[in-house]
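Trainee: need coordinates for the below:
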Amino acid sequence: MEAALTIVTELEEYLRKESLTISQFAKHASLHSGTLSNIMRGRRPIAMQQLDRITEAMGYPEGFFYELFINNYVIEGSADWRRVGPLLLRCAELGKLEGVRQIAQHIMDNLIYSPLLFDTAEEMFAAGQLEAAAILYECVAEGERFQHSERLAQCQFRLFTIALGDDQDKNLWAANRFEPYVERLDEVDQLDALKELANTYRSLQRWDKVDELAEKMGHKARIQYEMMHRPQRKVKEEEKKPSRPMFFYIAYSDLLRANVCDEVGDYEQALQYKQAYGNLSWVKEQGEEVDSWIKLFVEWSQANIYITKLLSGDISVISPYTAYIRDQRDELVTGLLYIMKAANKYHINVDMTLRLFQQEIEESIQNPLEGRYNREMALDRQANLMLELAKYFLFNKDYNRGFNLLLNSLKNYQQINNEKYIIECVTLFERFRKSAAPEMQNLYKALLLGGIADEEEGNCIVNSN
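Mentor: Numbering: from 1, shown residues only. Predicted coordinates for the structure are as follows:
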């Protein structure tokens, strides 16, 4: 009861200074005077709601007494979940992460609390309190590391999604850490896990891993799809469902594998995959969500077939593909990226296309559009587009625009910590160094020597009309 006495001492001092009686303060704090009297005499513990009311009535900020409460009621007292659960949620709500960590580490000495902590972490995750949720997931995962449980795998899945950010080295570490746990997940959850892993490796341009995971996702989804639509199958009310319709994972597997084929130059196989996810007449599910996804896959198939033909050297599709991305703003960066890849590979003049999208290009460079892509992939594609544009302008002796774009691309690759493309940017700059103006060379040095120079926090792009 040391915590209560300590808080009571504070309260007694406050009442003395303010010349208030217990009854007067109880009324001010919306508490029953008898309840407050028993708390002050040490006859009953303080509940969370009561502590918050007392704190507010004393004029202190929310959570002012939480550290004392944790140390003496939880760590030195009994870990009663009726007290611990609400306290964890309040600490998460107020951003008191050290309090969350103290409580979780203490009560996980007893594994009986593992499912309760996991459920609380899920509640925090749903509320967007990701840092607090991650602390609980880590504690549960550490406590169950020898259990090989599905809950352990779920914790690792959540930690993986929380860890993803702009730094590609950290994303790679998070993916490598989580991947061994995929098979321990429920069969339905495995599909979403494989999808997220494949998307992460896609943003890292690890095409071997993308193909491996996409193939595995498609295989598992086809098995589950067949089982789902067997005649005489009984559907259980509590049966778990994936976050997308089941056919989605089959079609998305083909989409990812087509992307891999484009990147490695197997254009014939890429077209087969793209035609496959563009023809979904076999889909048996029904509903508005299903219709929406089918429509998207058909649209993506048509657009991505243009990309494959472009990459294979068929310049006749530039005009229809340009018309397509003009109407589909979400596809603008991706579309321009592949147009520029084809232009650089086959020495195609696309000046007319660049003039058509000049304003959109400048806007997309300043603010990456995520569209149907996650943030990591959007940042990666933005940097890739700038690099391809830089190549195009430099090889066509438009050095001002070329070096501007190249340095912005280099800066973006530094931000996302993409070592492979940092080296490519450096190699390209060195190739054309003699044509770089002194100010461009100074900016280049600043980026290499100091990462992103303080004075150059904004983009280097200048008006290139």
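Trainee: please count neighbours and contacts with C-alpha atoms only from this point.
Mentor: Will do.
Trainee: so the closest residue to residue 385 other than its chain neighbours: helix, strand or coil?
Mentor: Nearest residue to residue 385 in three dimensions, chain neighbours excluded: residue 337, at 4.8 Å (Cα to Cα, 6 or more residues apart in numbering). At residue 337 the chain is in helix, as set by DSSP: H, G, I helix; E, B strand; the rest coil.
Trainee: wait, doesn't residue 337 sit right on residue 388?
Mentor: Yes: counting by Cα atoms under 8 Å, residue 337 touches residue 388, with 7.0 Å between them.
Trainee: mind giving me the packing neighbours of whichever strand or helix holds residue 93?
Mentor: Using DSSP states H and E, the element containing residue 93 is helix 81-94. Under the contact criterion of 3 or more Cα pairs under 8 Å, 6 or more residues apart in numbering; DSSP states H and E, helix 81-94 touches helix 48-57, helix 97-107, helix 114-126.
Trainee: off-centre distance for that helix?
Mentor: 26 Å (Cα atoms, centre = their mean, to the nearest Å).
Trainee: which positions within that helix qualify as buried?
Mentor: 83-85, 87-92 (16 or more other Cα atoms under 10 Å).
Trainee: quick one on the thing from earlier: what's around the residue nearest to residue 385, how many residues?
Mentor: 22 (other Cα atoms under 10 Å).
Trainee: ok now do it, which residues does it touch?
Mentor: 381, 384-385, 388 (Cα atoms under 8 Å, 6 or more residues apart in numbering).
Trainee: pull the longest helix from the protein.
Mentor: Longest helix of the chain, by residue count under DSSP state H: helix 288-311.
Trainee: what helices or strands is that one leaning on?
Mentor: helix 246-264, helix 267-278, helix 318-327, helix 332-346.
Trainee: give the buried residues for the shortest one.
Mentor: If I follow you right, that is helix 318-327. 318, 321-322, 324-326.
Trainee: quick check: the nearest residue to residue 418 once chain neighbours are set aside vs residue 391, distance?
Mentor: Sequence neighbours aside, residue 168 is the residue nearest to residue 418 in space, at 6.1 Å (criterion: Cα to Cα, 6+ apart). For residue 168, the distance to residue 391 (Cα to Cα, to the nearest Å) stands at 23 Å.
Trainee: any chance you could list what contacts the longest helix of the chain?
Mentor: Taking Cα under 8 Å, 6+ apart as the rule, helix 288-311 contacts 245, 248, 251, 262, 267, 270-271, 274-275, 277-280, 315, 317-318, 321, 324, 335, 338-339, 341-342.
Trainee: which among these count as buried?
Mentor: Buried, going by 16+ other Cα under 10 Å: 245, 248, 251, 262, 267, 270-271, 274-275, 277-278, 280, 315, 317-318, 321, 324, 335, 338-339, 341-342, out of the contacts of helix 288-311.
Trainee: okay, and for the stretch 251-400 of the chain, where does confidence drop off?
Mentor: 367-374 (pLDDT under 70).
Trainee: and residue 140, how far from residue 156?
Mentor: Distance from residue 140 to residue 156, by Cα to Cα: 10 Å.
Trainee: buried residues in the longest helix of the chain, which are they?
Mentor: Applying 16+ other Cα under 10 Å to helix 288-311 flags 290, 293-294, 297-298, 300-311 as buried.
Trainee: now it and helix 246-264, what's the angle there?
Mentor: On the basis of axes from the mean of the first three to the mean of the last three Cα atoms, to 10 degrees, helix 288-311 is oriented at 10 degrees to helix 246-264.
Trainee: centre of the chain versus helix 288-311, how much separation?
Mentor: Distance, centroid of helix 288-311 to centroid of chain: 24 Å (Cα atoms, centre = their mean).
Trainee: now do stretch 186-203
Mentor: 13 Å.
Trainee: again, but for stretch 146-164
Mentor: 15 Å.
Trainee: only the buried residues of it, if you could.
Mentor: Quick answer for stretch 146-164 (16+ other Cα under 10 Å): 150-161, 163-164.
Trainee: check stretch 96-111 too.
Mentor: 96-97, 99-105, 107-108.
Trainee: likewise for stretch 389-399?
Mentor: 389-394, 399.
Trainee: in a markdown table: those residues, plus secondary structure.
Mentor: A markdown table is the format used below for those (three-state DSSP):
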| residue | secondary structure |
| --- | --- |
| 389 | helix |
| 390 | helix |
| 391 | helix |
| 392 | helix |
| 393 | helix |
| 394 | helix |
| 399 | helix |
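Trainee: just the CA trace of the helix holding residue 93, in CSV.
Mentor: Extracted C-alpha coordinates of helix 81-94, given in CSV (Å, rounded to 0.1, in the frame of the first residue of the first chain):
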residue,chain,number,x,y,z
TRP,A,81,-5.3,-7.7,-14.2
ARG,A,82,-8.3,-5.7,-13.3
ARG,A,83,-5.9,-2.9,-12.4
VAL,A,84,-3.1,-3.8,-14.9
GLY,A,85,-5.2,-4.0,-18.0
PRO,A,86,-6.8,-0.5,-17.8
LEU,A,87,-3.4,0.9,-16.7
LEU,A,88,-1.6,-0.4,-19.8
LEU,A,89,-4.3,1.1,-22.0
ARG,A,90,-4.1,4.4,-20.3
CYS,A,91,-0.3,4.5,-20.5
ALA,A,92,-0.5,3.7,-24.2
GLU,A,93,-3.1,6.4,-24.7
LEU,A,94,-0.9,9.0,-23.0
